[in-house]
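Asker: Prediction below, plus the sequence it came from.
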Amino acid sequence: MEFRVKDATNLEGIETDSIDLVVSIFGVFLIPNQDKVMESIQRVLKPQNGVFANVAWTTIKNAETMDEGFGVSFFDLIIQSMRCLDLPKPPKPSAPIIWADTAKAKEFLETTGAFAPAKIYRSIHSTTFANAHKVPELMVDHNVLIQSLKDIIDPQKLEKARQVIINAVVRDGQNEPEEPVVLMTAANLIVARFQNE
């Protein structure tokens, strides 16, 4: 087995038509230039038999999962906090939104390349944080989109986004902010076979 660090938008140094399986676990959906990523994946996959498998966060209703004891949904929490920022609406859905929506993900795969109809599998797992204050660190302070727009985002709205996350995690006083936090995470595993003639 060989490990290489490569730019996913070109996969330079990897031969064309040489890879049987490309797997992305919470990676591809975070790269802004989806068209370039898909071009590079299709370039390295073997025609006819190459397979692309992508795991990405998806959304699930908080009420359903909280009632079952799973806690707050990770991806829903990101979306709630982003709404506080009043960011300009992008001309097309962002990569995380595309891969979170099963219909959009299938359409994207089938229109950006020679992929057979995708199969999608859903899973639920959990992520643990040391305390409630660590959650906005990941979702806001280390959010690539937010960091790229930090100069135009109102600092008060940024603080509000952090507070929305903390309030949801502690459920408005039902839990202590310093206690460990377990967040439910829903994910889509999207698998598609490359069928390039």
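Answerer: Here it is on my side, so go on.

Asker: which helix in the protein runs the most residues?
Answerer: If you go by DSSP state H, the chain has its longest helix at helix 155-170.

Asker: Just the buried positions in that one, please.
Answerer: 158, 161-162, 164-166, 168-170 (16 or more other C-beta atoms under 10 Å). For glycine as for every other residue, the C-beta is placed from the backbone atoms N, C-alpha and C.

Asker: Which elements pack onto it?
Answerer: helix 74-83, helix 134-136 (3 or more C-beta pairs under 8 Å, 6 or more residues apart in numbering; DSSP states H and E).

Asker: remind me which residues of this protein are low pLDDT?
Answerer: 60-72, 144-145, 172-175, 197 (pLDDT under 70).

Asker: Mind listing residues that contact the longest helix of the chain?
Answerer: Identification of contacts with helix 155-170 by C-beta atoms under 8 Å, 6 or more residues apart in numbering yields 62, 72, 77, 80-82, 84-86, 132-133, 135-136, 139-140, 146, 150, 175-177, 181, 183.

Asker: ok so, going back, out of the helices and strands packed on helix 155-170, nearest to Ser40?
Answerer: Comparison of those against Ser40 by C-beta to C-beta identifies helix 74-83 as nearest, at 25.6 Å.

Asker: Mark which of the contacts of helix 155-170 are buried, thanks.
Answerer: Looking at the contacts of helix 155-170 with 16+ other C-beta under 10 Å, the buried ones turn out to be 62, 72, 77, 80-82, 84-85, 132, 135-136, 139-140, 146, 181, 183.

Asker: So which of the residues you listed is the closest to Glu110?
Answerer: Met82 (27.5 Å).

Asker: Nearest residue to that closest one in space, ignoring adjacent ones along the chain?
Answerer: Computed as C-beta to C-beta, 6 or more residues apart in numbering, the closest residue to Met82 that is not its neighbour in sequence is Ala161, at 7.1 Å.

Asker: Going by residue numbers, what spans are strands in the chain?
Answerer: In chain order, the chain shows strands spanning 21-25, 51-58, 119-129, 181-193, with DSSP state E as the criterion.

Asker: Could you dump those strands into JSON lines and include distance to Glu110?
Answerer: JSON lines is the format used below for the strands of the chain (distance: least, C-beta to C-beta, whole Å):
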{"stretch": "strand 21-25", "distance to Glu110": "17"}
{"stretch": "strand 51-58", "distance to Glu110": "12"}
{"stretch": "strand 119-129", "distance to Glu110": "12"}
{"stretch": "strand 181-193", "distance to Glu110": "8"}
